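[1] Fold the following for me, if possible:
(2 chains)
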Amino acid sequence: MYKAAMLAKDLVAASSKPLVLSILAGRESYGYEIIQKVRELSGGQIEWSDGMLYPVLHRLERDGLIDSEWKEADTGRERKYYYLSSNGRRALKTERQQWLTVHNTLSKLWKIKPVSI
Amino acid sequence: MENQTRFDLNAAIQNWQQELAAQSNLTPDVQRELETHLRDSITELRQRGLNDEESFWLARRRVGQPKQLGEEFLKADPAKVWHERAFWIVAFLIVFQIWGAVSTSLFAIFTASSLPNYLPPSINFVLRMLFYVLPVVWVMALVAGGRMTRQFAMISLLFHSQLRLGSAGVLLVIVSRFLQGTATWWQLRTTGPIAMSGTIQIWYFTLSTAIIPLTLVALLVWLMPTRAPVKPKTA
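    Okay, here's the model as predicted:
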């Protein structure tokens, strides 16, 4: 019914943390919206299964990187919103450096222009 | 020409909720969150022109099988299930300890004040058991009969914060030990006057036995699942 993940399973799992943290760095959000955003930004290449995201969110919350709150949306329906904590902001910085290091190393090998970290 | 039974979306969602509720790894909070997700998904599919039934089944498929969801959550946090179990085991042990102390003391005061000095051990034992077991049976019967909802609501207030649970636990332990000390003192007094050193000894012994339940209370507070903050912190 929907496309299988184009990324390898390991990569999907590994990238879920920086993706969620980066999305929440923009503004608070809820599970359904986060999945849609990832699909949209990746042009449909990263397709998260719905059931996979929630354990990730809960783990990040347990690690203190994000916080959550039940809030009423404009539609009148209550949703559980997640937002980045100050620890999460620091963790995102580290994630960013690490992913860019990988990116730059590959860029040099593939002779693509690296980005500044 | 409606020869099909109408699809009841709310009933379908309720059935699905019950399936979720059967998964012990999914807390009520997670269940509620997954339900909002399912509803969001259904709304979107309906906007795309699918009917209620089609939207429900597709949304349900996307969220995943309840059993599989339970396994995903367990994988993400295998310690959590044990954490919660340990919490309830410790809570039970504390109640057991406190009730043991309270019923022993009440029984001691009762026998020392209103029964002949000497009771055959067998009768003593039976009475002791009645004191210990009957109230437990009575409370269990009330709970099973659904007559304790108000008391449950009061008890659940204790679980609102670690501080509240901890202080209530410490208070209960101290009160129960105090009762036990009084009972011991009372019992000994019936055999004759007690010297000051004897009194000190009784209290020293009684209070020192509080160390085990107090340790359990500390363990309980430590094991208590922390709740998400109510207000968002400005990050």
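
[2] Show me the shaky parts of chain A.
    Within chain A, the segments meeting pLDDT under 70 span A:1-6, A:117.

[3] ok, which residues in it are in contact with chain B?
    Residues of chain A lying close to chain B by Cβ under 8 Å from any Cβ of the partner chain are A:1-2, A:28, A:30-32, A:49-52, A:54-56, A:58-59, A:61-62, A:67-69, A:77-80, A:83-86, A:88-89. C-beta coordinates here come from the backbone N, C-alpha and C atoms, glycine included.

[4] Buried subset of the residues you listed as a ChimeraX selection?
    The following ChimeraX line selects those of the residues of chain A next to chain B that are buried, judged by 16 or more other Cβ atoms under 10 Å in any protein chain shown:
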select /A:28,30,31,32,49,50,51,52,54,55,56,58,59,61,67,68,69,79,80,83,84,85,88
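
[5] What about the residues of chain A next to chain B, which are in helices?
    The members of the residues of chain A next to chain B that map onto helices under DSSP state H are A:31-32, A:50-52, A:54-56, A:58-59, A:61-62, A:86, A:88-89.

[6] what does the domain assignment say about chain B?
    Per automatic domain parsing, the structural domains of chain B span B:9-76, B:78-223.

[7] Lowest mean pLDDT among the helices and strands, pick that one out for chain B.
    The helix or strand of chain B with the poorest confidence is helix B:149-158; it has a mean of 78 (mean pLDDT, DSSP states H and E).

[8] Find the helix or strand that the closest residue to B:Pro66 other than its chain neighbours is a member of.
    Nearest in space to B:Pro66, with sequence neighbours left out and distances taken as Cβ to Cβ, 6 or more residues apart in numbering or on different chains, is B:Glu19 at 4.3 Å. In the assignment (DSSP states H and E), B:Glu19 maps to helix B:9-21.

[9] contact partners of that helix?
    Where contact means Cβ atoms under 8 Å, 6 or more residues apart in numbering or on different chains, the residues beyond helix B:9-21 that reach it are B:26, B:31, B:34-35, B:38-39, B:42, B:52-53, B:56, B:60, B:66, B:69.

[10] Just give me the closest of those to B:Tyr204.
    Sorting the contacts of helix B:9-21 by distance to B:Tyr204 puts B:Leu26 at the head of the list, at 49.3 Å, by Cβ to Cβ.

[11] helix/strand/coil for that closest one?
    Secondary structure assignment for B:Leu26 (DSSP: H, G, I helix; E, B strand; the rest coil): coil.

[12] For it, what are phi and psi?
    The phi and psi torsions at B:Leu26 (degrees, to the nearest 10) take the values phi -100, psi 110.

[13] who's in contact with it?
    Residues touching B:Leu26, when contacts are defined by Cβ under 8 Å, 6+ apart, comprise B:Leu20, B:Leu34, B:Pro66, B:Leu69, B:Gly70, B:Phe73.

[14] thinking again about what came up before, how distant is the least confident helix or strand of chain B from the center of its chain?
    Taking the mean C-alpha point of helix B:149-158 and that of its whole chain, the gap between them comes to 10 Å (Cα atoms, centre = their mean, to the nearest Å).

[15] Also stretch A:57-69?
    Using Cα atoms, centre = their mean, the distance from the centre of stretch A:57-69 to the centre of the chain it belongs to is 13 Å.

[16] Nice, that's everything, thank you.
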